[in-house]
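S.K.: quick one, what's the 3D model for this:
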Amino acid sequence: MARLQSNIQTGSADFRRHYAHNRKLAAELHERQHAARHVRPQKDVERLAKQGKMMPRERVEKLLDPATPFLEFSTLAANMAYGGEAPGASCITGIGMVQGREVIICAHDASIKGGAWYPLSVKKIVRCLEIAIENRLPVIHLCDSAGGFLPLQSELFPDKHMAGRMFRHQCVLSELGVKQLALVFGHCTAGGAYIPALSDYSVIVRGTGAVFLGGPPLVKAATGEIVTADELGGCDLHTQVSGTCDYPASSEDEAIAIGREIVAQWQRPQKWAAQQDAPEDPYYDPDELYGIIPDDIKRSFEMREVIARLVDGSRFHEYQPAYGTTLVCGYANLWGYKVGILANNGVLFNDSALKGAHFIELCNQNDTPLVFLQNITGYMVGREYEAAGISKDGAKMIMAQVGSHVPKFTVMCHGSFGAGNYGMCGRAYDGRLLFAWPNHQIGVMGGEQAAKTLAEVKLKQLERQGREVDQATLDAVYDETLEAYQHQLSAYYSTSELWDDGILDPVDTRNALGVSISAALNAPLGDQGYGVFRF
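M.R.: Numbering: from 1, shown residues only. Down below sits the predicted model:
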């Protein structure tokens with residue numbers, strides 16, 4: 001494959017301005033991530049230490065193989081919810097290496113209200129188990145949770161994708177033959193008791209670990225029985241009497257050591273044979289991504305310059321380079337893995353939608369994973385394009401994308417608006433993993449377009465009512481809509497609601513995709529099948 005030719009002038013005023021802007025965004029991202037991961041009230045740190053417990057991230061670090069990567073999901077989940085009192089949505093999830101095997105780790109964070117599950121905690125745990133199912137990854141649960149956060153129980157218990165979905169997903173993993181290990185460091189209360197009960201293996205720490213459907217206060221209220229947590233569901237009861245747990249441990253260190261020994265017994269999965277060559281660093285420095293991405297969401301940029309700083313050797317075989325030029329399609333290697341890339345270079349017209357649909361079909365024919373790099377304002381609108389069948393052609397692209405049997409990965413590089421989000425494998429389209437950059441914005445349309453649209457609707461409403469058009473009223477509608485949209489469009493709002501699997505510093509994108517693709521190869525390819533393409 002030929003190396004892409006970069007036309008970036010690193011000494012230009014635009015590059016320097018963009019670089020400074022995006023480095024500032026990256027610095028803010030790292031500050032927020034650090035706070036979510038490590039900043040806790042001292043009383044909570046002391047409480048865990050008094051109980052003889054490690055901090056949750058210390059447990060994860062000791063469980064993982066030394067000097068191996070950990071791809072954490074949704075570090076900033078719930079960062080704009082619950083008054084900021086549930087950083088990371090009270091749990092840690094991600095892909096890591098244990099005894100040379102790729103696993104999903106799900107660790108409760110007892111430094112936040114005893115590890116109680118908020119609604120977004122449940123959503124985050126459900127999502128990580130979904131990733132385990134899609135990629136056939138074993139799961140290690142690090143259990144230390146007070147159960148559901150009762151004041152918000154109506155938002156975390158009754159519906160299809162709420163807390164019950166966690167245990168349903170555990171059952172699906174078992175049905176698929178995907179192994180699960182529970183390390184019980186603290187309480188597994190109420191529904192949380194099913195995590196070790198549904199796992200294939202479980203280790204429980206004497207003195208602090210406990211598993212029960214109802215804790216001592218509930219048992220006393222329901223039956224009048226007075227019993228301690230250890231008597232009700234402690235280590236000796238469950239390893240010597242009930243058989244709910246398999247291995248007793250005298251300390252957290254011992255529990256982790258036993259857990260690592262258990263994982264060492266697991267059969268290594270047979271990955272499907274994706275095309276792969278020796279990895280090679282990009283020819284162009286990924287640090288230059290900071291200077292390529294504009295400081296204005298409305299400004300376009302050349303997506304080939306981004307591709308050149310992500311893929312091996314900056315080499316790219318472009319498909320149909322002269323046709324449908326607002327969508328860049330082609331083959332590259334990423335950490336040695338052959339991938340098909342679809343990247344936006346403008347609005348999606350009829351020809352670019354058709355080109356994308358055809359290229360997706362070719363990648364499926366070739367068993368080549370798909371990477372979508374989003375910067376999209378949507379499909380083109382207007383009488384001319386509707387007459388040419390833009391809805392029909394956009395539907396072809398969506399149909400091809402949904403019918404894919406190869407793994408799909410998405411990176412939100414800039415804007416993601418309208419139905420273009422759908423064709424480019426947005427959250428609703430079952431990509432294996434979806435990441436965003438800190439400059440990313442997402443919405444049904446841009447903030448200014450929404451504000452102008454609603455102001456126009458208000459104007460028509462006043463005219464129909466025969467009322468005098470008040471410019472101050474229209475301005476107020478515009479300003480209120482724009483302010484609300486700007487808040488909800490931001491990458492931090494999006495990741496707070498778990499509309500992505502985490503915000504990446506742009507320079508970390510290549511590594512994140514490499515880990516993701518490797519993990520995806522654990523799941524066998526499905527059968528390719530498409531519905532009806534409207535011609």
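S.K.: how distant is stretch 142-151 from the center of its chain?
M.R.: 22 Å (C-alpha atoms, centre = their mean, to the nearest Å).
S.K.: just the C-alphas of it, formatted as CSV.
M.R.: Only the C-alpha atoms of stretch 142-151 are listed here, as CSV (Å, rounded to 0.1, in the frame of the first residue of the first chain):
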residue,chain,number,x,y,z
LEU,A,142,-14.4,-7.6,41.9
CYS,A,143,-17.3,-7.5,44.3
ASP,A,144,-17.8,-4.9,47.0
SER,A,145,-21.2,-3.3,46.8
ALA,A,146,-24.0,-2.3,49.0
GLY,A,147,-26.4,-3.1,46.2
GLY,A,148,-28.9,-0.7,44.5
PHE,A,149,-29.0,3.0,45.6
LEU,A,150,-32.5,2.8,47.1
PRO,A,151,-33.6,6.4,46.7
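S.K.: ok, residues contacting that stretch?
M.R.: 53, 56, 59-60, 63, 92, 105-110, 113-119, 121-122, 156-157, 163, 182-192, 195-196, 209 (C-beta atoms under 8 Å, 6 or more residues apart in numbering). Where C-beta positions appear, they are placed from N, C-alpha and C, glycine not excepted.
S.K.: where does the stretch 351-500 of the chain dip in pLDDT?
M.R.: 445-446 (pLDDT under 70).
S.K.: a strand runs through residue 107, doesn't it?
M.R.: Yes. The assignment for residue 107 by DSSP: H, G, I helix; E, B strand; the rest coil puts it in a strand.
S.K.: mind telling me what element the nearest residue to it once chain neighbours are set aside is part of?
M.R.: Nearest residue to residue 107, sequence neighbours excluded (C-beta to C-beta, 6 or more residues apart in numbering): residue 142, at 3.7 Å. Element membership for residue 142, per DSSP states H and E: strand 139-145.
S.K.: adjacent strands (with direction) for that strand?
M.R.: Partners of strand 139-145 in the sheet, by DSSP bridges, are strand 101-108 (parallel), strand 180-189 (parallel).
S.K.: got those as a markdown table, with mean neighbour count and distance to residue 126 columns?
M.R.: Compiled in a markdown table, the strands paired with strand 139-145 are given as follows (neighbours: other C-beta atoms under 10 Å; distance: least, C-beta to C-beta, whole Å):
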| stretch | mean neighbour count | distance to residue 126 |
| --- | --- | --- |
| strand 101-108 | 24 | 10 |
| strand 180-189 | 27 | 15 |
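S.K.: would you format those as CSV with mean pLDDT included?
M.R.: What follows is those, written out as CSV (pLDDT from 0 to 100):
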stretch, mean pLDDT
strand 101-108, 98
strand 180-189, 96
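S.K.: distance to residue 532 added to those strands, as TSV?
M.R.: Below are these laid out as TSV (distance: least, C-beta to C-beta, whole Å):
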stretch	distance to residue 532
strand 101-108	36
strand 180-189	39
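S.K.: pLDDT on the strand holding residue 142, on average?
M.R.: Computed over strand 139-145, the mean pLDDT rounds to 97.
S.K.: need the next SSE after that strand, C-terminal direction.
M.R.: helix 163-175.
S.K.: who are the packing partners of that following helix?
M.R.: The contact analysis (3 or more C-beta pairs under 8 Å, 6 or more residues apart in numbering; DSSP states H and E) places helix 163-175 against helix 119-135, strand 180-189, helix 194-197.
S.K.: how about the residue lying farthest from the centre of the chain, phi and psi?
M.R.: Relative to the C-alpha centroid of the chain, counting by C-alpha atoms, centre = their mean, residue 466 is the outermost residue, at 49.8 Å. Residue 466 adopts backbone torsions of phi 70, psi 20, taken as degrees, to the nearest 10.
S.K.: do the same with residue 502
M.R.: Dihedral angles (degrees, to the nearest 10) for residue 502: phi 140, psi 150.
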